[in-house]
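Participant: Attaching a predicted model along with its sequence, questions to come.
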Amino acid sequence: MIYYFCSYSIIREVYFRGSDMGKFQKIKSFLKRKTIIWTTVLSMSGLVIFGFSRDEKNFEIAKNLDIYFSLFRELNLFYVDDIDPAKLVKTSIDKMLDSLDPYTNYIPESEMEEFNLMTTGEYAGIGALIGMHGENEIIISEPYEGFPAQKAGLHAGDVILEIDGKSTQKMTTQNVSDLLKGPVNKEVKIKILRPGTKKTIVFDLVREKIQIDAVPYYGMLDDKTGYIRLSNFTQDCSEHVRKAMVELKEKRHAKSLILDLRGNPGGLLYEAVRIANLFVPKGQEIVSTRGKVKQNDKSYYAESSALDPEIPLAVLVNSGSASASEIVAGALQDIDRAVIIGTRTFGKGLVQTTRDLSFNTKLKVTTAKYYIPSGRCIQALDYSHRNEDGSVGHVPDSLISEFRTKHGRKVYNGGGVLPDIIVESSRLSNLSINLVTKNIVFDFATQYFDKVPRIADPENFKVSEPMYNEFVEFVKQKNFTYTSGSEEALKEVIETAKKERYYDISEAEIKALQKKLAPNSDKDLKEFEKEIKSLIKDEIVSRYYFQKGAIKASLMEDEILTKAIDVLHNSSKYISLLNPKSGKATSMIHRRNVKSPLYARDNRMKIKNYTARSV
């Protein structure tokens, strides 16, 4: 029954925002009576339907709500097995919203804590990331520096056996997360198995308010260039960026700045406006929103004086930079305030508003599209068909429109923000992906951390040849196997050939190709040594220096970062990129397959944490 109320609430919010709300209230007041009254009156659905027949939309909604209720009632009464009403209606709600867009979502009460974490970066728990290891072990994937788990001595790799006396066997990460989170200052007892010692240890932890820092790292890259890494647009993240910027300028004398938004999925729109405002003068339009309901049409301007409207600025983006990240990057590009470097961004130009529903649930509903200062919308024209990495697929020229920046540079819509300097990051090999997903890299780092008490600082730590050889032996001991992308593609070709009866006449050639494409661990571990070393380095450094140290280490070999520094140090090139009329016109710079350890780290974390949860 709770979910039935929620379905009505969702339909109300999706269809009746604005002038039609009063009409819906008439329907709602009629339909949302006590259950016993519904059943009697809804059986007389003709009265309900024809009572609203003057308005075709209201007629259709009333009719279909009645059909839905009738169908659900009949299923509940006559289906051969007992049904779970909550699960069934939740499925129907999700499928209904899936038909609209990927970002309109129903949030049940059980998921409110995760939703709050996404918007505020704050929750109460022990301060760690947990994840699945193998089929039935839940482990500490990464303790957060400075919080109860790390201060008490929990390590990445520790297997969680019990929480307050309850066995975690057969539990999901969600189950464990629910047990570890709770009221602030309340104690939780955790029993773990430490892989290196094979001993069980009991920890008594006191939950704290956990605030995940939106700026996990900032610092100087050289004597002139400051760097700020922004991972999410959560509440007050603009203040964190401001503080970092002030310190870099006033205490460390930064003369130029790099804002790294790679892998940043976005968040709160008003925080994006405030961050852009740090670099643009008061009164400058940053973004506007337009939707079906006029009250959602709004323009957002810089409300304060800029912290520094002139400091040379580069913004780094990739296909994982979405939503609020694209507002910042796109707005700064449109008003020629920053050079954008990297790959095309994700392409999410839809605005979501959260609406309260019945029984402590919520609807996150798309209410508008946003437009950056040139007038373009960066929403991908087709958000249902993307590349494998989530980036915008090919957009036909006929669907793309041209816009102009403040200084007259050409920019385009069609999906995402296209950087001023395109520097492609290389995709992880299938070997590397499998080494991460099967926890080979993780387990090697766990073993290394258990044996080695300390390592060099993040800037100087390297995976030596002897260490890499040790890793190769570790892989062999694990009886590791994997399938290459080429081999997977060939399997599809073989299946198609068999269906079309071409396989028999090509069998010899296909088998020869299979043999050539079959993965060879020894050969591939040598072939992809450089990127695998980056993954090992990231995992090991994070054990000793946590997230901040791992990011710091990754910057030392980041060629995209090197490109940004080169542009910022060359003032004539920087100026001509932003204003071609000031000198010689410049064109896009294209590079391919650049190695970016930070991008590799983002991919490793994405692959590693597909079942992970913050606790």
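Facilitator: On my side now, so go ahead. Residues are numbered from 1 along each chain as shown.
Participant: Going by C-alpha atoms from here, please, whenever you check contacts or count neighbours.
Facilitator: Will do.
Participant: was I right about S486 contacting L517?
Facilitator: Yes. Contact criterion CA atoms under 8 Å: S486 and L517 qualify, at 6.6 Å.
Participant: if you count what's nearby, which of the two comes out ahead?
Facilitator: L517 (16 against 13; other CA atoms under 10 Å).
Participant: List the residues that contact the more buried one.
Facilitator: Going by CA atoms under 8 Å, 6 or more residues apart in numbering, L517 touches S484, S486, E487.
Participant: at 7 Å instead, please
Facilitator: S486, E487 (CA atoms under 7 Å, 6 or more residues apart in numbering).
Participant: Next: S323.
Facilitator: P265, G266, K348, G349.
Participant: out of these, who has the most neighbours?
Facilitator: K348 (28 neighbours).
Participant: how about the nearest residue to that residue, chain neighbours excluded?
Facilitator: Excluding the flanking residues, the one nearest K348 by CA to CA, 6 or more residues apart in numbering is Q379, at 4.6 Å.
Participant: Can you get me a residue count around that neighbour?
Facilitator: Other residues close to Q379 by other CA under 10 Å number 24.
Participant: pretty sure it is touching V351, no?
Facilitator: No. If you go by CA atoms under 7 Å, Q379 and V351 don't touch, sitting 10.2 Å apart.
Participant: list the buried ones in stretch 284-304?
Facilitator: Q284, E285, I286, V287, S288, T289, R290, G291, N296, Y300, Y301, A302 (16 or more other CA atoms under 10 Å).
Participant: Helix, strand, or coil at the third one?
Facilitator: This means I286. strand (DSSP: H, G, I helix; E, B strand; the rest coil).
Participant: mind checking pLDDT for it?
Facilitator: pLDDT for I286: 97.
Participant: Please give me every residue in contact with it.
Facilitator: V273, Y300, Y301, A302, A331, I372, P373.
Participant: Can you tell me which of these is closest to E111?
Facilitator: The shortest gap between E111 and any of the contacts of I286 belongs to V273, at 27.8 Å (CA to CA).
Participant: Excluding chain neighbours, give the residue nearest to the closest one in space.
Facilitator: I286 (6.4 Å).
Participant: Which residue would you name as the spatial centre of this structure?
Facilitator: With distances taken as CA atoms, centre = their mean, P265 lies nearest the centre of the chain, 4.4 Å away.
Participant: close enough to count as contact, it and G320?
Facilitator: Yes. At 6.3 Å, P265 counts as touching G320 under the criterion of CA under 7 Å.
Participant: and the next element down the chain from the helix or strand harbouring V475?
Facilitator: Using DSSP states H and E, V475 falls within helix 465-477. Next in sequence after helix 465-477, counting helices and strands by DSSP H and E, comes helix 485-499.
Participant: Can you spell out which helices and strands pack onto that next one?
Facilitator: Applying 3 or more CA pairs under 7 Å, 6 or more residues apart in numbering; DSSP states H and E, we find helix 485-499 packed against helix 503-517.
Participant: let's go with 10 Å and repeat that
Facilitator: Packing contacts for helix 485-499, counted by 3 or more CA pairs under 10 Å, 6 or more residues apart in numbering; DSSP states H and E, involve helix 430-437, helix 503-517.
Participant: as a whole number, average confidence for the longest one?
Facilitator: pLDDT averaged over helix 503-517 equals 85, rounded to a whole number.
Participant: can you tell me how far the closest residue to E459 other than its chain neighbours sits from G330?
Facilitator: Excluding its sequence neighbours, the residue lying closest to E459 (CA to CA, 6+ apart) is A553, at 5.1 Å. Relative to G330, A553 is positioned 29 Å away (CA to CA, to the nearest Å).
Participant: Select, from the contacts of S323, the two members most distant in space.
Facilitator: P265 and G349 (12.2 Å).
Participant: any residues in contact with both of those two?
Facilitator: A322, S323, A324, E326 (CA atoms under 10 Å, 6 or more residues apart in numbering).
Participant: The stretch 301-450 of the chain: helices as residue ranges?
Facilitator: With helices called from DSSP state H, counting those that start in this stretch, the stretch 301-450 of the chain shows them at 324-334, 430-437, 440-451.
Participant: Dump the longest one to PDB, keeping only the CA atoms.
Facilitator: Listed next in PDB are the C-alpha coordinates belonging to helix 440-451 (Å, rounded to 0.1, in the frame of the first residue of the first chain):
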ATOM      1  CA  ILE A 440      45.200  -9.600  -8.000                       C
ATOM      2  CA  VAL A 441      46.600  -6.100  -7.700                       C
ATOM      3  CA  PHE A 442      44.700  -5.500  -4.500                       C
ATOM      4  CA  ASP A 443      45.900  -8.800  -2.900                       C
ATOM      5  CA  PHE A 444      49.500  -8.100  -4.000                       C
ATOM      6  CA  ALA A 445      49.400  -4.700  -2.300                       C
ATOM      7  CA  THR A 446      47.900  -6.300   0.800                       C
ATOM      8  CA  GLN A 447      50.800  -8.800   0.900                       C
ATOM      9  CA  TYR A 448      53.400  -6.100   0.300                       C
ATOM     10  CA  PHE A 449      52.000  -3.800   3.000                       C
ATOM     11  CA  ASP A 450      52.100  -6.700   5.500                       C
ATOM     12  CA  LYS A 451      55.800  -7.300   4.800                       C
END
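Participant: Look through this protein and tell me its longest strand.
Facilitator: Longest among the strand segments of the chain by residue count, using DSSP state E, is strand 362-371.
Participant: got any ranges where the stretch 501-615 of the chain has weak pLDDT?
Facilitator: 582-611 (pLDDT under 70).
Participant: Helices of that one, residue ranges please.
Facilitator: 503-517, 521-527, 529-554, 559-569, 571-578, 597-608.
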